[in-house]
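>>> What shape does this take:
(one chain, ligands or ions: 2)
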Amino acid sequence: MELTSTDVWARLQEAIRDKVPQHAHSTWIASAEVGALTADELVLEAKNPFHVEWLEDKYRSMLEAEALRILGRPLRIVVRCSTTPDGHPLPTLRLDVADVISVGSDKADTSSDESGTWSAIPSDHRPGLFSRYSFERFVVGANNQLAEAASRAVADKPGKMYNPLFLYGGVGLGKTHLMHAIGHELLALDPSRRVAYVSSEQFTNELVMAIRQGKTAAFRDRYRRMDLLLVDDVHFLRGKESTQEEFFHTFNALYDMQRQIVVTSDRPPKEMEGVEQRLVSRFEWGLVVDLRPPDFETRMAILRKKADDEGLVLDDDVIELIAYSCTSSVRELEGAVLKLLAVSSVWNQEITPDFARRVLALRRQEQQQRKSAPSLQHIKEVIAGGWRVRIEALAAKTRTRNVTEARHVAMYAIREILGMPLTEIGGVFGGRDHSTVLYSIRKVEGRMTGDADFRQRVESAMRELREPADGAFRE
Ligand code: ADP
Ligand code: MG
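Ligands and ions are numbered 1, 2, ... in the order given. Below is the predicted model:
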């Protein structure tokens with residue numbers, strides 16, 4: 001079957017039509033153009049950087065999940081902007097390891113690209129590094145000073161100073177940004193260096209594919225040739241034993257050759273449950289640094305810099321308003337700016353302080369609703385609904401396959417979303433003990449790596465729970 005990029009995009013759009021409010025669909029999805037399709041990647045071209053961010057943040061994982069369902073193999077959705085503010089084409093986002101695992105039998109797809117515009121990967125492409133995530137664009141404050149300095153040191157003297165460098169902190173505090181910056185810097189100093197950036201999720205998926213296709217040796221070689229390996233969000237490896245095992249060996253191989261390894265996580269090594277001790281202790285060999293939420297001054301500086309970099313004109317008063325009202329992370333700051341821009345473009349209004357105040361207040365309200373939204377009861381309802389079992393059955397002794405599966409998924413969802421302790425979760429499900437709960441959650445995680453249909457079902461339930469509604473553009 002030969003599918004062109006246009007075909008694939010049309011199907012994807014159709015597939016998510018019902019999952020996204022109509023207004024959002026036309027604003028963000030339908031307005032994107034389709035670019036090249038290769039064996040493992042579909043490029044979308046959004047009309048400006050805000051559309052890029054919005055698509056990536058809100059819709060990429062949804063699109064990737066649908067692509068997996070439709071094509072039966074993973075397809076990375078890469079969103080790019082046709083031009084930077086100064087009119088240059090942006091380099092393609094691309095994973096260096098992509099061709100190891102690119103799907104043999106589907107190679108034909110590579111040639112089926114019609115658009116022509118993006119079919120050639122620019123010769124200066126970086127290994128999956130996002131060009132905007134550079135040191136130049138990283139604003140340093142008391143909250144991230146140490147992390148930034150360590151990252152620079154590592155880029156300067158890879159494998160020599162801190163190996164591994166372990167960066168941790170909450171969502172949206174700049175971990176991924178710093179990682180990419182290290183990659184850029186190293187390549188700027190020596191373009192012949194081999195750099196790979198990979199999320200733990202990709203690492204897992206690629207390993208699963210490689211095993212399935214009997215290509216583990218190629219998978220291994222490819223990673224072990226790197227001078228710098230950047231592995232993002234290792235907390236994702238929780239409970240994934242075979243991936244941890246593979247990563248452990250990759251780690252050792254690179255470490256022995258004094259190649260630099262950088263990993264990020266949402267928590268420090270010692271708090272990583274479900275990750276093998278030997279791996280955790282290696283994470284502690286080098287330097288462990290945290291990133292904290294930015295203080296007010298830093299938030300102002302970040303907003304000014306963003307506005308400058310993106311060529312936006314934002315009033316000082318507006319900047320201050322945003323800095324006051326968004327305190328948790330840099331991602332949140334950006335989200336607020338995006339929201340302001342989006343609303344102002346939809347309603348065709350200028351961003352005055354008054355307008356900003358109203359939009360930010362609205363945003364806060366939505367967030368509060370969202371925060372309180374997935375209650376325990378709600379999670380049970382959604383999962384029971386998705387698996388077509390009665391809610392009471394979840395806590396009962398019933399052991400039919402479907403009920404057991406729903407129960408496991410509900411435990412997993414409660415753990416993921418509410419972070420509730422295992423014993424308490426056990427209590428919710430009719431007094432099951434902590435190890436039963438742990439076993440159930442592991443089981444779900446294990447199956448998610450191997451069974452694409454199952455993963456799809458769980459992920460879509462999780463999405464529903466995390467984003468009860470894309471309220472942003474509901475009129
Ligand atoms: P994390 O990986 O910790 O979740 P990211 O690195 O993805 O966070 O950062 C979220 C967003 O915030 C990105 O767009 C990133 O460029 C931006 N960002 C984070 N920290 C800074 C900073 N200190 N200066 C400028 N931008 C930042
Ligand atoms: Mg990140």
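>>> so where is the stretch 301-450 of the chain shaky, pLDDT-wise?
Residues of the stretch 301-450 of the chain that meet the criterion pLDDT under 70 lie in 369-374.
>>> which parts of it sit against ligand 1?
302, 330-331, 334 (Cβ under 6 Å from any ligand atom). Every C-beta, even on glycine, is put in place using the N, C-alpha and C of the backbone.
>>> now those in JSON lines, with distance to ligand 2?
Output for these, formatted as JSON lines (distance: Cβ to the ion, whole Å):
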{"residue": "Ile302", "distance to ligand 2": "16"}
{"residue": "Val330", "distance to ligand 2": "11"}
{"residue": "Arg331", "distance to ligand 2": "9"}
{"residue": "Glu334", "distance to ligand 2": "13"}
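>>> which two in the residues you listed are spaced the farthest apart?
Farthest-apart pair in those is Ile302 and Arg331; separation 10.8 Å (Cβ to Cβ).
>>> out of these two, which sits in the busier spot?
Legend: neighbour count by other Cβ atoms under 10 Å for Ile302 and Arg331, higher for Ile302 (23 against 16).
>>> how deep is the spatially closest residue to that one that is not a sequence neighbour tucked in, by neighbour count?
Leaving aside its chain neighbours, Ile302 sits nearest to Val139 (4.6 Å; criterion: Cβ to Cβ, 6 or more residues apart in numbering). Neighbouring residues of Val139 were enumerated by other Cβ under 10 Å; the total is 18.
>>> just the one 3 residues further on next, same as before
The burial count assigned to Ala142 is 11, neighbours taken as other Cβ under 10 Å.
>>> Strands along the stretch 151-300 of the chain, start to end?
165-168, 195-199, 228-232, 260-265, 287-290 (DSSP state E, counting those that start in this stretch).
>>> between the third one and strand 260-265, how big is the angle?
Strand 228-232 and strand 260-265 are oriented at 10 degrees to each other (axes from the mean of the first three to the mean of the last three Cα atoms, to 10 degrees).
>>> Relative to Phe283, how far out is the residue of the stretch 151-300 of the chain found nearest ligand 1?
Closest to ligand 1 within the stretch 151-300 of the chain is Gly174: 2.7 Å, counting by Cβ to the nearest ligand atom. According to Cβ to Cβ, to the nearest Å, Gly174 stands 19 Å off from Phe283.
>>> And Ile16, by the same measure?
37 Å.
>>> Which one's more surrounded, those two?
Phe283 (22 against 16).
>>> Now do the contacts for the residue of the chain found nearest ligand 2.
In the chain, the residue that lies nearest ligand 2 is Thr176 (3.2 Å; Cβ to the ion). Contact analysis of Thr176 by Cβ atoms under 8 Å, 6 or more residues apart in numbering lists 133, 232, 264.
>>> and the residues you listed near ligand 1, which?
Answer for the contacts of Thr176 near ligand 1 (Cβ under 6 Å from any ligand atom): Tyr133.
>>> how about the contacts of Thr176 in CSV, adding neighbour count and pLDDT?
Formatted as CSV, the contacts of Thr176 follow (neighbours: other Cβ atoms under 10 Å; pLDDT from 0 to 100):
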residue, neighbour count, pLDDT
Tyr133, 19, 93
Asp232, 21, 96
Thr264, 25, 98
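>>> Look through the stretch 251-400 of the chain and state the residue closest to ligand 1.
Closest point on the stretch 251-400 of the chain to ligand 1, by Cβ to the nearest ligand atom, is Val330, at 3.5 Å.
>>> contacting residues for that residue?
So Val330 contacts 172-174, 294, 302 (Cβ under 8 Å, 6+ apart).
>>> For the chain, what lies in contact range of ligand 2?
Within the chain, the positions near ligand 2 by Cβ under 5 Å from the ion are 175-176.
>>> Please report the residue range of the longest helix in the chain.
helix 353-372 (DSSP state H).
>>> Now do the helix or strand just after it and helix 353-372, the angle between them.
Downstream of helix 353-372, the next assigned helix or strand under DSSP states H and E is helix 376-387. Here the directions of helix 376-387 and helix 353-372 differ by 70 degrees (the same axes, to 10 degrees).
>>> List the buried residues for helix 376-387?
379-384, 386-387 (16 or more other Cβ atoms under 10 Å).
>>> tell me what the helix or strand that that helix is followed by is packed against?
Later in the chain than helix 376-387, the nearest helix or strand by DSSP H and E is helix 391-395. If you count contacts as 3 or more Cβ pairs under 8 Å, 6 or more residues apart in numbering; DSSP states H and E, helix 391-395 packs onto helix 376-387, helix 401-418.
>>> So which of these is nearest Arg278?
Of the helices and strands packed on helix 391-395, the one closest to Arg278 (Cβ to Cβ) turns out to be helix 401-418, at 24.1 Å.
>>> Direction-wise, compare the closest one with helix 376-387 and give the angle.
140 degrees.
>>> which parts of helix 401-418 are buried?
In helix 401-418, residues buried by neighbour count (16+ other Cβ under 10 Å) are 403-417.
>>> could you dump that helix to CSV, C-alpha only?
What follows is helix 401-418, C-alpha atoms only, in CSV (Å, rounded to 0.1, in the frame of the first residue of the first chain):
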residue,chain,number,x,y,z
ARG,A,401,-10.5,-10.8,32.3
ASN,A,402,-12.1,-7.5,31.3
VAL,A,403,-12.8,-6.4,34.8
THR,A,404,-9.3,-7.3,36.0
GLU,A,405,-7.9,-5.3,33.1
ALA,A,406,-10.1,-2.3,33.9
ARG,A,407,-9.1,-2.5,37.5
HIS,A,408,-5.4,-2.6,36.7
VAL,A,409,-5.8,0.4,34.3
ALA,A,410,-7.8,2.3,36.9
MET,A,411,-5.0,1.8,39.4
TYR,A,412,-2.4,2.8,36.9
ALA,A,413,-4.4,6.0,36.0
ILE,A,414,-4.9,6.9,39.7
ARG,A,415,-1.2,6.5,40.3
GLU,A,416,-0.2,8.5,37.3
ILE,A,417,-2.7,11.3,37.6
LEU,A,418,-3.1,11.7,41.4
